[in-house]
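Enquirer: Give me a 3D structure for the following:
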Amino acid sequence: MIQMIIGKWMKKRQQPVTDKEKIEFYVEQAKQDSTYRNDFIKKYQPFIAKVASKVCKQYIDQSRDEYSVAIEAFNEAIDYFEAKQGSTFLSFAEMVIRRRVIDYIRKESRQTRDIFLEPEMKDEDNQQAESLAQINASVVQYQNQQESEKRKLDIMEYKQQLEKFDITFSELIHLCPKHVDARENAKQIAKFLAEKPEFIDHLLEKKQLPMKELLKFVNCSRKTVERNRKYIIAMALIYIGDFLSLRSYIEPEEELDRREGQQ
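Expert: Residues are numbered from 1 along each chain as shown. Model prediction:
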């Protein structure tokens, strides 16, 4: 069933389909169809068993409770995965499986140790609520980790782009205009530049601002633009490179949310 559906989908595509896109397509189908979900989970049983075995440091087969916990975690990962999080489904599923199996092992360990001290069991509703809370916490933790990793990668790439213009990170502190109006004006110039393909080409090829053409559109003197030249370039590179994790430092929050919503 899975191969038939993915085959039809691939025929409609004009470009080659990556493995990441295939799996994301599987997940979206699994969210909508229980039969497809069962087929999808069955297809990835070896992956599920492998992750559970790594956590337990021993082979976990289908007869073990840890395997059932891992299957349940994989099923929950299907429900909570969002492609826009920026990572693959399998890395997200592995994180959820690991979290659930570890929680199960800890719980079993506590029950064994405190078997005579355990009060009344929680009712089913409370157990389900606790399970949902754990998954939500895992999702938030996962998203924070992904954002942190994305920010690190953006900073590394941004640093490389700055070096092409002989600008260093340490310089940025001193390059930033002291007055708020001057700083915001420079950002607006950078944003305007980044919206004009011909200006972008000029900047990236010649490593300098398209001063003559730029002055026709901005409401400030050549002297002002020259004085803030490096800062304008640094801000423009953030827009041009589409470094979303860095835009929060130069754009109001509501503007950033609006841009992300359009993508």
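Enquirer: just for the stretch 151-263 of the chain, where's the confidence low?
Expert: Residues of the stretch 151-263 of the chain that meet the criterion pLDDT under 70 lie in 249-263.
Enquirer: Can you give me the domain assignment for the chain?
Expert: 2-114+123-146, 164-262 (automatic domain parsing).
Enquirer: between those domains, which gets nearest to residue 155?
Expert: Closest to residue 155 of the domains of the chain is domain 164-262 (CB to CB; 7.2 Å). No exception for glycine: its C-beta is placed from N, CA and C like everyone else's.
Enquirer: All the strands of the stretch 101-250 of the chain, residue numbers only.
Expert: Here the stretch 101-250 of the chain has no strands by DSSP state E, counting those that start in this stretch.
Enquirer: Residue 60 and residue 187: what is the separation?
Expert: From residue 60 over to residue 187 the distance is 54 Å, taken as CB to CB, to the nearest Å.
Enquirer: end to end, how far does stretch 232-246 reach?
Expert: Separation of the first and last residues of stretch 232-246 by CA to CA, to the nearest Å is 15 Å.
Enquirer: How many residues are close by the closest residue to residue 101 other than its chain neighbours?
Expert: Spatially, and ignoring its direct neighbours in sequence, residue 101 is nearest to residue 55 (4.6 Å; CB to CB, 6 or more residues apart in numbering). Neighbour count of residue 55, defined by other CB atoms under 10 Å: 21.
Enquirer: related to what we said a few turns ago, distance to residue 157 added to the domains of the chain, as a markdown table?
Expert: Output for the domains of the chain, formatted as a markdown table (distance: least, CB to CB, whole Å):
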| stretch | distance to residue 157 |
| --- | --- |
| domain 2-114+123-146 | 15 |
| domain 164-262 | 7 |
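Enquirer: Nearest to residue 153 among those domains would be which one?
Expert: Using CB to CB, the nearest of those to residue 153 is domain 164-262, at 8.5 Å.
Enquirer: Would you check the distance separating that closest one from the middle of the chain?
Expert: 25 Å (CA atoms, centre = their mean, to the nearest Å).
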